[in-house]
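Student: pasting the sequence and the predicted coordinates here, then a few questions.
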Amino acid sequence: MGIEIQFIASDKLRDKTPPQKVQFILDHIKKSKNRILVIEGSLSSSDEKELISKTMAAIDKSFPGIEVASVGEQSSTLKTQLIKLLGGKPSGLTVVGPSSLVKQIKKDPDKLSLLTGK
Amino acid sequence: MPFKQFFSWLKNLFGSRQSFSLGLYGNVNAGKSTLANRISKDWSGEEMSSVSEMPHETREVIKKERLAVKVDGKILTMNLLDMPGIATKVDYRDFIKRGMKLPEAQNRAKEATKGIIEAIKWLEHVDAAMLVMDSCEDPYTQVNITILGNLEARKIPVIIVANKIDKKNAKPERIKAAFPQHHLVEISALKGENMDKLYRAIAQYAKG
Ligand SMILES: Nc1nc2c(ncn2[C@@H]2O[C@H](COP(=O)(O)OP(=O)(O)O)[C@@H](O)[C@H]2O)c(=O)[nH]1
Ligand SMILES: [Mg+2]
């Protein structure tokens, strides 16, 4: 089972309205069961609220929902690598994806760099 | 006198008798309904919600209106709202693993998702909230952070309830460390431990 990681730099979301931002995230998550989105920066609490509501409305037999975690602050290896990848400044990362994958990453953020093969 | 002043004068006059709405928020299975029942039983003699080990037992907002709670000789009238637990994922297969039949499991999942949307909508309408956490679990979850962030943004007073302290592996100090800026009360909703402390905290922090 290949895991697909998609990085989203913060300027990709910056110009979007909160509902557009959330729709963008959900659309990308729903494309594949093995996909994880790694978003540069953190979502605001109202974005998160919107994300949960929209996720609930989208749940059906084939889509059980998501898991969201903020990582990056704790892990120096991961941080330096991903910052390089994203070419940006550090401000934490938000990981969104299927529950089992995100839980593993939350527990051990360095796994993310293993998964990316870097 | 100007209308605004008149209004605040009225509010002060009736303030002590005015009811306020208190929402019980938190992760699924934190013990919100057990706590709602405990409070309701203490002050009205009746329970209000259904409790279960099965996740998403509460799938709509359950209200107990005009509950008169007496604290230090004063009476607080509140509308207590037991909310569905908030989650970012509802998988009907989890209910099947717990022994439910397919149609029932799918129906429960559908109802649970609607309940979560309703609970989130209510975040903007409660006057105060209690964020209930299971002291045996990691408190630093996205659900807890999202609920707190939204309450803070609206300046809605919140009390953190570290529940299930009767359990051997309870670590309420972890909750305190994760959210040091909030008032916290350690209780067992099941055993009724520290309920007096909780009522006092409601009188002190929740009633705006
Ligand atoms: N040991 C213990 N169990 C509790 C306590 N409060 C709730 N529970 C149990 O936790 C499970 C979920 O409780 P419930 O009130 O339905 O949680 P809710 O989903 O937050 O409404 C039930 O099995 C309860 O009996 C407590 O203080 N101590
Ligand atoms: Mg409940």
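Tutor: Looks like it came in fine. Ligands and ions are numbered 1, 2, ... in the order given.
Student: could you report the pLDDT at the residue nearest the centre of chain B?
Tutor: The centre of chain B sits closest to residue B:24, judged by CA atoms, centre = their mean, with a distance of 1.2 Å. pLDDT recorded at residue B:24 is 98.
Student: try the one 3 residues further on
Tutor: Residue B:27 carries a pLDDT score of 97 in this model.
Student: residue ranges with poor pLDDT in chain A?
Tutor: Where chain A drops to pLDDT under 70, the residues are A:1-2, A:72-91, A:111-118.
Student: right, is stretch B:81-100 up against ligand 1?
Tutor: Yes - Stretch B:81-100 is in contact with ligand 1 by CB under 6 Å from any ligand atom, via residue B:85. From N, CA and C alone the C-beta is placed, and that goes for glycine too.
Student: just the buried positions in that stretch, please.
Tutor: B:81-92, B:94-95, B:100 (16 or more other CB atoms under 10 Å in any protein chain shown).
Student: for chain A, just list every one of the helices.
Tutor: Taking DSSP state H, the helices of chain A run over residues A:10-14, A:18-30, A:45-58, A:76-86, A:99-107, A:110-115.
Student: nearest to residue B:38 among those helices would be which one?
Tutor: Closest to residue B:38 of the helices of chain A, according to CB to CB: helix A:45-58, at 27.5 Å.
Student: what comes up buried for the closest one?
Tutor: A:45-53, A:55-56, A:58.
Student: who's in contact with that helix?
Tutor: With contact meaning CB atoms under 8 Å, 6 or more residues apart in numbering or on different chains, helix A:45-58 is reached by A:18-19, A:21-23, A:25-26, A:30, A:43, A:65-66, A:68, A:96, B:86, B:88-90, B:113-114, B:116-117, B:120-121, B:123, B:142, B:145-146, B:148-150, B:152-153.
Student: ok so, going back, now the helices of chain A in a markdown table, with distance to residue B:42?
Tutor: A markdown table is the format used below for the helices of chain A (distance: least, CB to CB, whole Å):
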| stretch | distance to residue B:42 |
| --- | --- |
| helix A:10-14 | 47 |
| helix A:18-30 | 40 |
| helix A:45-58 | 32 |
| helix A:76-86 | 49 |
| helix A:99-107 | 37 |
| helix A:110-115 | 47 |
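Student: how about the spatially closest residue to residue B:65 that is not a sequence neighbour: which residues does it bridge to?
Tutor: Closest residue in space to residue B:65, ignoring its immediate chain neighbours: residue B:79 at 4.9 Å, by CB to CB, 6 or more residues apart in numbering or on different chains. Going by DSSP bridges, residue B:79 is paired in beta bridges with residue B:21.
Student: repeat for the one 10 residues further on
Tutor: In this structure, residue B:89 bridges to residue A:65 when assessed by DSSP bridges.
Student: what residues are up against it?
Tutor: A:55, A:64-67, A:99.
Student: nearest to ligand 1, of those residues?
Tutor: Comparing the contacts of residue B:89 against ligand 1 with CB to the nearest ligand atom places residue A:65 closest, at 16.9 Å.
Student: which residues does the closest one contact?
Tutor: Applying CB under 8 Å, 6+ apart to residue A:65 gives the contacts A:55-56, A:59, A:99, B:87-91.
Student: which one of those residues sits closest to residue A:35?
Tutor: Of all the contacts of residue A:65, residue A:35 sits closest to residue A:99, with 13.0 Å by CB to CB.
Student: so the closest one makes contact with residue A:66?
Tutor: Yes - contact criterion CB atoms under 8 Å: residue A:99 and residue A:66 qualify, at 7.4 Å.
Student: more neighbours: which of these two?
Tutor: residue A:66 (23 against 16; other CB atoms under 10 Å in any protein chain shown).
Student: contacting residues around the more buried one?
Tutor: Shown in contact with residue A:66 (CB under 8 Å, 6+ apart): A:29, A:51, A:55, A:96-99, A:102, B:88-89.
Student: for the residues you listed, give me a markdown table that also has distance to ligand 2.
Tutor: A markdown table is the format used below for those (distance: CB to the ion, whole Å):
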| residue | distance to ligand 2 |
| --- | --- |
| A:29 | 28 |
| A:51 | 23 |
| A:55 | 20 |
| A:96 | 26 |
| A:97 | 27 |
| A:98 | 26 |
| A:99 | 21 |
| A:102 | 25 |
| B:88 | 17 |
| B:89 | 17 |
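Student: thank you kindly, that will do.
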